[in-house]
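[1] got a predicted model here, sequence first, then my questions.
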There are 2 protein chains.
Amino acid sequence: MDFSSFLTSLGTSFVIFLVLMLLFTWLSRKPGNTVIYYPNRILKGLDPYKRGSSTRNPLAWIREAMSSTEQDIISMSGYDTAVYFVFLRTVLGILVLTGIALLPILLPVAATDDSVKSTAAKTNGTFSDLDYSYMGNVKAKSPRLWAFLIATYWVSFVTYYLLWKAYKHVSGLRANALMNHEVKLKPEQFAILVRDIPPVPAGQTRQKQVDSYFESIYPKTFYRSMVVTDNKVVNKLWKELEGYKKKLAHAEAVYAQSKKAGKPEGARPTNRIGFLGLIGNKVDSIEYYTKKIKEVTPKLELERKVTLREKQQNAALVFFKSRVIAASAAQSLHSQMVDKWTVSNAPEPRQVIWTNLKIKFYQRQVRQYVVYVIVALTILFFMIPIGFISAFTTLENLKKYLPFLESIVNLDAIKTVLEAYLPQLALIIFLALLPKFLHFLSKAEGIPSESHVVRASSGKYFYFTVLDVFIGVSVGGTLFGTLKTIEKNPNSIVSLLGNSLPLNATFFLTYVALRFFVGYGLELSRIVPLIIFHLKKRYLCKTEAELKEAWLPGDLKYGTRVPGDMLIATIVLCYSVIAPIIILFGMVYFGLGWLILRNQVLNVYVPSYESYGRMWPHMHTRILAALILHQVTMFGYFGVKKFYCAPFLITLIIPSLIFGFVCHKKFYRFFCDTPLEVALRDSKEIPNNNMELIFKSYIPPSLSSEKIDDVPV
Amino acid sequence: MDFSSFLTSLGTSFVIFLVLMLLFTWLSRKPGNTVIYYPNRILKGLDPYKRGSSTRNPLAWIREAMSSTEQDIISMSGYDTAVYFVFLRTVLGILVLTGIALLPILLPVAATDDSVKSTAAKTNGTFSDLDYSYMGNVKAKSPRLWAFLIATYWVSFVTYYLLWKAYKHVSGLRANALMNHEVKLKPEQFAILVRDIPPVPAGQTRQKQVDSYFESIYPKTFYRSMVVTDNKVVNKLWKELEGYKKKLAHAEAVYAQSKKAGKPEGARPTNRIGFLGLIGNKVDSIEYYTKKIKEVTPKLELERKVTLREKQQNAALVFFKSRVIAASAAQSLHSQMVDKWTVSNAPEPRQVIWTNLKIKFYQRQVRQYVVYVIVALTILFFMIPIGFISAFTTLENLKKYLPFLESIVNLDAIKTVLEAYLPQLALIIFLALLPKFLHFLSKAEGIPSESHVVRASSGKYFYFTVLDVFIGVSVGGTLFGTLKTIEKNPNSIVSLLGNSLPLNATFFLTYVALRFFVGYGLELSRIVPLIIFHLKKRYLCKTEAELKEAWLPGDLKYGTRVPGDMLIATIVLCYSVIAPIIILFGMVYFGLGWLILRNQVLNVYVPSYESYGRMWPHMHTRILAALILHQVTMFGYFGVKKFYCAPFLITLIIPSLIFGFVCHKKFYRFFCDTPLEVALRDSKEIPNNNMELIFKSYIPPSLSSEKIDDVPV
């Protein structure tokens, strides 16, 4: 890529960004759009326009975002979000500190050498102006390489320092979160999750079995237990009922509207009762749904009773009257057989994955390994099925198997577009579906809480992006040619990395710029949700509930957002010394991201769960992994440059590993278990009334009317 | 080794065994020897000759050993011993079950083939009669190899089955031990060990800091805490005082004796006060030691006070009024910083290693890795220093550096002996000192309890014996010649094992026979302790206490005994299919061992600690490791035999790994943590009186007079 096309690409991205910013400024002021631009404030019962006149200022959101404190973030969006900002801030800090030191030193050192020019002269090759600023411009064995070696050390120590500070800070945040008992009752702090309960002894009920087991161990603090039931049928009935209720409300709204609009007696809405509402007899909707609701309601009632009585499974939630006892119970071995009565922290009520709770001990292990193997295969061979599908989805095949499309396909304009995109269609679909697939796989492992599933799937996605996108793109071309060399000497993987990375520096510069200009532009302007909302509002939604559903913003989607950011962080860290100019781009990415997401979490996104920063250790480990990848790459590249001091970098990889080990030992267990000193703080006796609330909060909605009274104690 | 020399060696060992047995029968009946042959009974206050007339029967001990139940073992020697017998029984069971199936089938299958004869005929080599019975006698690619393949499967499944049963049984034993609260109060069940206590806040004492921390978390069940102090000086003074007391008693006994023996006024004993009592002025012993005791006693009193007040360290024992709370507290994270206030189960009072308690969190980690590296280096390079020392300890050097020995060395008889043994002197000394060295290393890791140190050092010793003795001997010769092949192709290690093992079958047969005939003969007859005791009794001991010290038998010494047995088990398992005759030898080893040790633990050894079977998981894992080594070896040997079904053995290694994984998951944590349901059983409120006893049992003897009253609360 030459310099002018690089500038063009950069310029285009910037123009798109400007347009999106202007759109945001214009659209966000329209009152009809507040539900898209300020849903979090609306849901919290706050006035979206609290700032009065300042909304006239198109840059007011920036001032607001800049002036918001961590405490604001926590109160508006929870601790997980605050931790996400610690992550953004830490990476930004690393980049700023390295940028300040590296840019003024490495750029002149590289630019005043002339390795690129002489190589180009020799081979008549072309080179871009950017290449002057890269480490590639320094001659082999040059003493100038010392500057780059020291730069690598600088990057590493800055990273250690900021990561350490951040881990300490997040650990404090989490401690605050767990200790702060005043704002809201946290039911999960009073409960533990018990799985792998042994079969019920003859002549006892499951409920009795669980109660007597825990009552004997915790005679004073045991409150009660909730046996997990198989809710499949009852959930289905409940969903059916809710669906009918919604449709009835919709039909009534349509009827009311028609009264206003046309004839005073109104037009009663009708629908077909066959497949998807497309075929079958036409019926009067209001009558039909009212009848259906009457039919389903008693069925649901009956099923609720049956579920509670007969469909009890081998898992339970156990409630205690004391936070400390619950925290300690979740960490203690209860049964002599380690695979029975296994305990763990209870997940938040809203994030319990009920269907996973019954999965047995060894099955969980097996599932985990199977999932790991599937993910590894996906990462290794993801190109194979895509290539296969691409070969199949050609224009010819399209015409052959879908002949009715032939007339359209033959249009010249459409043909060109199809020819350009059909081969990549499979890849695009694959990449769009991948996060869902990984989420599905992680859920299949048998993990009991949603936030844990998100962490697991974000880890898998991170490996996919780093291995396939980053390493794949940079090494890809060189790899297959040299596969034989690697077989002979595995060390050459390192020098392969060192060899191929510099070739792609400019490509990744463009990639990062695209991500922040277009990505964050779309993020802030929310064009897509806006359009979808207005379409739905006009054509589909008739009731308030439907309307709310149409604008509900969802959460930050850590599962894909964090790996995405991590990919950028990895790229920037790996290139920070080879092509220092990328640090600037990284700074813009994380700076802009910090600013824009600050606005988004204050105004838009609504967190769907709270894990009190349990994502952090993963973020920490992955930043460190990126650093180690950087060190390995530099080791390889110094080797390529025949710099005799390259082994000094080995002595840098060891501190990285020790640093990771120490952090893990010092902090990690706190992110898994609740320390008793933390559970104790500000804890007082909880009145039974509140205990009942805690208990009720875990009752799934499909069972809610029954569970409390009818539980056979 | 040819057949006749094999028989000679076997015969010699057997004769030695018979002689030792006769000696035992004769010596054990003499009343003066009861303290050597029945010390455990004597210490337990039982009559050594309870069996009355049956002592006339020389084989009575066998009947007694055979009829003793597991409960007898537990009451006489504790749970650790019972678990050791489970280990012996399990290995014996594996050998009996494999022997029954393998010997009648594999011996004829091998003996009727003629590979050995034909090879020998071709190369004019010699072969022994035993070689006919080995798998080596089967021709390459022969279908007879199927029998050996199936035999390998049989060995594996028998091992799985018996190991599983044994693990279940031991788990039950341990549960019984922990639940059985009636027989004796177990102080360690009411205490936890707290380490890495943060620095004392200003204006507080260490004791207050610990007390207030645990009192707030466990307001109802916290009893009190004992801060660990630096007892170095006080211990030294105490030892000095005890030494003087002993010497005074000795001197008085000598004086009393002399009164009886000769002149009525007696001869007052004297001693020199210089170096080792060899130089310096002669003084009257009784006066001298009385004066010394008077001098040291107030010093000790003062030092005790100083120690308790000023030498408090960053560790403490915390006592609870409830078993369940103590068990749960030992498993719970207490502090937000994971490396502070770390808790663990309290060791038994008698096995606490006080000096290790103060070692800090990261220092423990570092020490552990350093020790691992030292052990690995010792295992890898143990021959180098020995070779070096051997080269130095030649006859010539002896004469040169110790010229006063020259006249002795020049004697012909002594010269021959020296020439034979001097080169091996270093090896002999090394092997004798190795267990002590490994024990020292394990202690240096910072482990807080003696039994844990023994487990750790026995593990290290096991690796040493298997890697250096077993693999070293069998592969040694072939290894150095083929080192280059291995570098090229690491797979050839497996075929190397397969190649070299069969060559040493007869050698190991002899080795096993030597171990059981001579080893167990010496064990039962206790010739060495008997001689030492009688020598001490005649020349050194004057008081009852000194006499008791002279016959105290010590414990079973698991640290070397278990690795020794494991080495035999590994050898026998590895050769079980290649040279099935070794199964017979293994059966004798473990059968005889079971019988003789049964007698020894009932009558002789006194356990010095109790860990409730925590050694078992290590034994289990190592038997399994031996099995996997067997499978790998067989895989290599089938490859050598060019048997096309060799890959079937790979499918056998995978079940072994899964079996190990499942056992680990199902049972292991129970051997580290106390499950609450077990701690709960039969537990009632403990009166404060007993709590005080529990607390006192942890006070080291050097501090005992003070600690209780003067603890600054």
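    It's in. Numbering: from 1, shown residues only, chains lettered A, B, ... in the order given.
[2] so is the longest helix along chain A next to chain B?
    Determined from DSSP state H, the single longest helix within chain A is helix A:70-111. No. Helix A:70-111 does not reach chain B (C-beta under 8 Å from any C-beta of the partner chain); its nearest approach is 14.8 Å. Bear in mind the C-beta positions are built from the backbone N, C-alpha and C, glycine included.
[3] quick check: mean pLDDT of stretch A:565-581?
    For stretch A:565-581, mean pLDDT is 90.
[4] where does the prediction get shaky in the stretch 451-600 of chain A?
    Residues of the stretch 451-600 of chain A that meet the criterion pLDDT under 70 lie in A:475-503.
[5] ok, 90 please
    Counting by pLDDT under 90, the ranges of the stretch 451-600 of chain A that qualify are A:464-560, A:564, A:574-581, A:599.
[6] also the stretch 1-150 of chain A?
    For the stretch 1-150 of chain A, the ranges with pLDDT under 90 are A:1-14, A:16, A:21-68, A:71-72, A:74-78, A:102-149.
[7] could you pull out the helices for it?
    Ranges of helices within the stretch 1-150 of chain A are A:3-27, A:34-37, A:39-43, A:60-67, A:70-111, A:115-123, A:145-179, based on DSSP state H, counting those that start in this stretch.
[8] the second one: how far from the chain's middle?
    The gap between the average C-alpha position of helix A:34-37 and the chain average comes to 22 Å, counting by C-alpha atoms, centre = their mean, to the nearest Å.
[9] tell me what it is packed against?
    helix A:527-539 (3 or more C-beta pairs under 8 Å, 6 or more residues apart in numbering or on different chains; DSSP states H and E).
[10] angle of the helix it packs on against helix A:3-27?
    Counting by axes from the mean of the first three to the mean of the last three C-alpha atoms, to 10 degrees, helix A:527-539 lies at 40 degrees to helix A:3-27.
[11] following helix A:527-539, which helix or strand comes up?
    helix A:544-551 (DSSP states H and E).
[12] which residues touch that following helix?
    A:35-36, A:39, A:246, A:249-250, A:529, A:532-533, A:536-537, A:540-541 (C-beta atoms under 8 Å, 6 or more residues apart in numbering or on different chains).
[13] how about a cut-off of 7 Å?
    Residues outside helix A:544-551 that contact it (C-beta atoms under 7 Å, 6 or more residues apart in numbering or on different chains): A:35-36, A:39, A:246, A:249-250, A:533, A:536-537, A:540-541.
[14] farthest-apart pair in those, please.
    A:36 and A:249 (23.2 Å; C-beta to C-beta).
[15] who's more crowded, these two?
    residue A:36 (24 against 16; other C-beta atoms under 10 Å in any protein chain shown).
[16] so what's that one up against?
    A:526, A:529-530, A:533, A:551.
[17] so what's the residue lying closest to it once chain neighbours are set aside up against?
    Distances taken as C-beta to C-beta, 6 or more residues apart in numbering or on different chains put residue A:530 closest to residue A:36, at 5.0 Å, once the chain neighbours are dropped. By C-beta under 7 Å, 6+ apart, residue A:530 lies in contact with A:27, A:33, A:36.
[18] how close does residue A:530 sit to residue B:664?
    Counting by C-beta to C-beta, to the nearest Å, the gap from residue A:530 to residue B:664 is 55 Å.
[19] next: residue A:648.
    In terms of C-beta to C-beta, residue A:648 sits 41 Å off from residue B:664.
[20] and of the contacts of helix A:544-551, the nearest to chain B?
    Nearest to chain B out of the contacts of helix A:544-551 is residue A:39 (C-beta to the nearest C-beta; 35.1 Å).
[21] how many residues are close by the closest residue to the closest one other than its chain neighbours?
    Excluding the flanking residues, the one nearest residue A:39 by C-beta to C-beta, 6+ apart is residue A:553, at 4.6 Å. The tally of other residues near residue A:553 (other C-beta under 10 Å) stands at 21.
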